[in-house]
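**Student:** sequence plus the predicted model coming up.
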Amino acid sequence: MTPLTYDGKITFFERFEADILSGAKTITLRDESESHFRVGDRLSVSTFETGRHFCDIQVVRVEELAFEALNSRHAVQENMTLEQLKAVITEIYGEIDTLYLIEYRLL
Ligand SMILES: CC(=O)Nc1ccn([C@H]2C[C@H](O)[C@@H](CO)O2)c(=O)n1
């Protein structure tokens, strides 16, 4: 089997690992510091807390998204309610106007 070559890496909080591996969570919303991902990138995914690798993903969509434009479809793609999603983003980033939506598929 040909080994995977990576275009980059990304971390997730451990508490989202099961949702990512089950396919329940198919997007992530990041700030400008993680807006550099491009469609087609193959990313090595590890936990933020310990750096443990737990899967590989391929980026299928990247788009700028206003916090105010978050809707229930984004929440479904995050496997959360819209209220939960807004609370998680605010917990991680504080008050933020511009997010970057990264949609991915598991490799
Ligand atoms: C671990 C790390 O460096 N940064 C993040 C940022 C976001 N997430 C998750 C939380 C929500 O499910 C979405 C929306 O921000 O992405 C994350 O796991 N790790």
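**Tutor:** Yes, it's here. Residues are numbered from 1 along each chain as shown.
**Student:** how many neighbouring residues does the closest residue to residue 7 other than its chain neighbours have?
**Tutor:** In space, not counting the residues next to it along the chain, residue 7 is nearest to residue 41; the distance is 4.1 Å by CB to CB, 6 or more residues apart in numbering. C-beta coordinates here come from the backbone N, C-alpha and C atoms, glycine included. Around residue 41 there are 19 other residues, counting by other CB atoms under 10 Å.
**Student:** which strand runs longest in the protein?
**Tutor:** Taking DSSP state E as the criterion, the chain has its longest strand at strand 53-66.
**Student:** Three-state assignment for the spatially most central residue of the chain, please.
**Tutor:** Most central in the chain under CA atoms, centre = their mean is residue 28, positioned 2.3 Å from the mean C-alpha point. Following DSSP: H, G, I helix; E, B strand; the rest coil, the label given to residue 28 is strand.
**Student:** quick check: residue 95 vs the ligand, distance?
**Tutor:** Using CB to the nearest ligand atom, to the nearest Å, residue 95 is found at 14 Å from the ligand.
**Student:** surely that residue is in a strand?
**Tutor:** No: secondary structure assignment places residue 95 outside any strand; it is coil (three-state DSSP).
**Student:** quick one: residues in contact with whichever helix or strand comes after the longest strand of the chain.
**Tutor:** Beyond strand 53-66 in the direction of the C-terminus, DSSP states H and E gives the next helix or strand as helix 72-77. Residues outside helix 72-77 that contact it (CB atoms under 8 Å, 6 or more residues apart in numbering): 25, 26, 27, 29, 65, 81, 82, 84, 85, 101, 103.
**Student:** same check, this time on stretch 13-33
**Tutor:** With CB under 8 Å, 6+ apart as the contact definition, stretch 13-33 has outside contacts at 10, 12, 45, 47-50, 54-55, 57, 65, 70, 74, 77-79, 85, 89, 93, 96, 98-106.
**Student:** same question for stretch 47-63.
**Tutor:** Defining contact as CB under 8 Å, 6+ apart, one finds that stretch 47-63 is touched by 4, 6, 10-14, 17, 20-21, 35, 37-46, 100-107.
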